[in-house]
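[1] Here is the input, now give the coordinates:
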Amino acid sequence: MSTEPRAGRAISGLYAVTPEGLPGAELRSRVAAALRGGAAVVQYRNKSGDTNARLREAAALRELCTHAGALFIVNDDIPLALEVDADGVHLGRDDGDLAAARARLGGRMVGASCYNDWQAAEWAVAAGVDYIAFGSFFPSRIKPLAVRADASLLTRARAELRVPVVAIGGIDLTNAGQLVSAGADALAVVSALFDTPDTEAQARRFADLFEHPHFHSETE
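    Prediction:
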């Protein structure tokens, strides 16, 4: 199992996942704001077929992350991750063999979605991933049909597995603290971060949860 990621540090804190459909300039502006607010990881997620646009966007976001000292992860596209010199990739259930990805990416990070499946998490760790993700913990507008996961998975993973654990799915400021308290090393957030008028301030609120996990706001 990889214990020394290429980036030299583990996944932790606010893990910003880019939304679909934002024009390139706005996407860069929003991600820059999230980074100023304290996002420690950015995952570029774009399922469109425009290869050139995806390459331009990924390269631009990679540069932003480099300047901010944040990790840059590409969703489900190993060639793109290699081309823009990303810190790693994140793979889902249908995105290929994890051990093969581990071998191809060398010291770069490999993250795996494990949904609500403990056995999948054990297999992923055995295949050499650098972190795992469980979710959806709450109803998600982006993936309304996603399986639901229980916070006890986070607690068990923190106790039994030797990799960081990311929580994802419907996370906002009213429910995020309980996931950090349950054992999440990182919170993957899309809508509650990027669908707000002040992404920088919102990112700072999420980042603060790792200092004060019981904080929450019903109004923000």
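[2] can you tell me the helix or strand for residue 67?
    Element membership for residue 67 (DSSP states H and E) is helix 51-68.
[3] wait, what's in contact with residue 192?
    171-173, 202, 206 (CB atoms under 8 Å, 6 or more residues apart in numbering). In short, each C-beta sits where N, CA and C put it, glycine included.
[4] Which members of those are the farthest-apart pair?
    171 and 202 (12.0 Å; CB to CB).
[5] Would you reformat the contacts of residue 192 as TSV and include neighbour count, distance to residue 69 and secondary structure?
    TSV is the format used below for the contacts of residue 192 (neighbours: other CB atoms under 10 Å; distance: CB to CB, whole Å; DSSP: H, G, I helix; E, B strand; the rest coil):
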residue	neighbour count	distance to residue 69	secondary structure
171	25	23	coil
172	19	26	coil
173	21	24	coil
202	23	20	helix
206	25	17	helix
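[6] Tell me the one among those residues nearest to residue 27.
    residue 202 (16.0 Å).
[7] Mind giving me the packing neighbours of the top strand by length along the chain?
    Identified as the longest strand of the chain according to DSSP state E is strand 109-115. In this structure, strand 109-115 packs against strand 71-75, strand 88-91, helix 98-105, helix 118-126, strand 131-134, with contacts taken as 3 or more CB pairs under 8 Å, 6 or more residues apart in numbering; DSSP states H and E.
[8] Out of these, which is closest to residue 190?
    So among the helices and strands packed on strand 109-115, strand 71-75 is nearest, using CB to CB, at 11.3 Å.
[9] need the next SSE after that closest one, C-terminal direction.
    Downstream of strand 71-75 (by DSSP H and E), the next one is helix 78-83.
[10] Tell me the buried residues in that next one?
    Within helix 78-83, the residues that count as buried by 16 or more other CB atoms under 10 Å are 78, 80-81.
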